[in-house]
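Student: Provide a 3D model corresponding to the input given below.
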Amino acid sequence: MTEKEAFVINRDMENPMPMTNIKWRPPAAPSITKNVMISVNANGSLQHWHTTSGKLLNTIYDYSNQLLGADYKPDGCMFASCGSDSVVRVYDESTRKLVSELTSGVGGKAGHSSRVFCCKFDRENENVLLSGGWDNTIQ
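Tutor: Model prediction:
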């Protein structure tokens, strides 16, 4: 370790918020742009960063939510986020559009009943997305 800053990606933001999670886009992702990471933030923003240049590439806002976790599918084609509203959201990486919402579980239904702190795509079966939350469950 060189003890040198490698990347500073939110220094010039007008109102920087705490980043609660970051994930590198997998090298296998079918994109020309390399060295991209996503960050999720306490203000409900999910941001794509080009770390080599420090440029903000894209922002997705979920204004009524505090985002807490994120992960990429192993092939890099999709990513997921989760947060205080108990919903896990899955997005298409190329369009940055919402593909699916795994909503909260109430009355015995599948889904979290409280905030979700982390989400993770399974590396062996990338159609499996796990999440863990305040409700003491992994789903």
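
Student: what about the residue nearest the centre of the chain, which SS state?
Tutor: The C-alpha lying nearest the average C-alpha coordinate of the chain belongs to Ala70 (Cα atoms, centre = their mean; 2.6 Å). Secondary structure state of Ala70, per DSSP: H, G, I helix; E, B strand; the rest coil, is strand.

Student: thinking it is in contact with Lys23, fair?
Tutor: Yes: if you go by Cβ atoms under 8 Å, Ala70 and Lys23 touch, sitting 5.2 Å apart. (C-beta placed from N, C-alpha, C; glycine too.)

Student: thinking again about what came up before, list the contacts of the residue nearest to the centre of the chain.
Tutor: Listed by Cβ atoms under 8 Å, 6 or more residues apart in numbering, the contact partners of Ala70 are Asn21, Ile22, Lys23, Ile38, Ser39, Val40, Leu46, Phe79, Ala80, Ser81, Cys82, Cys119.

Student: Can you check which residues contact both of Ala70 and Lys23?
Tutor: With contacts taken as Cβ under 8 Å, 6+ apart, Ala70 and Lys23 have Ile38, Phe79 as neighbours in common.
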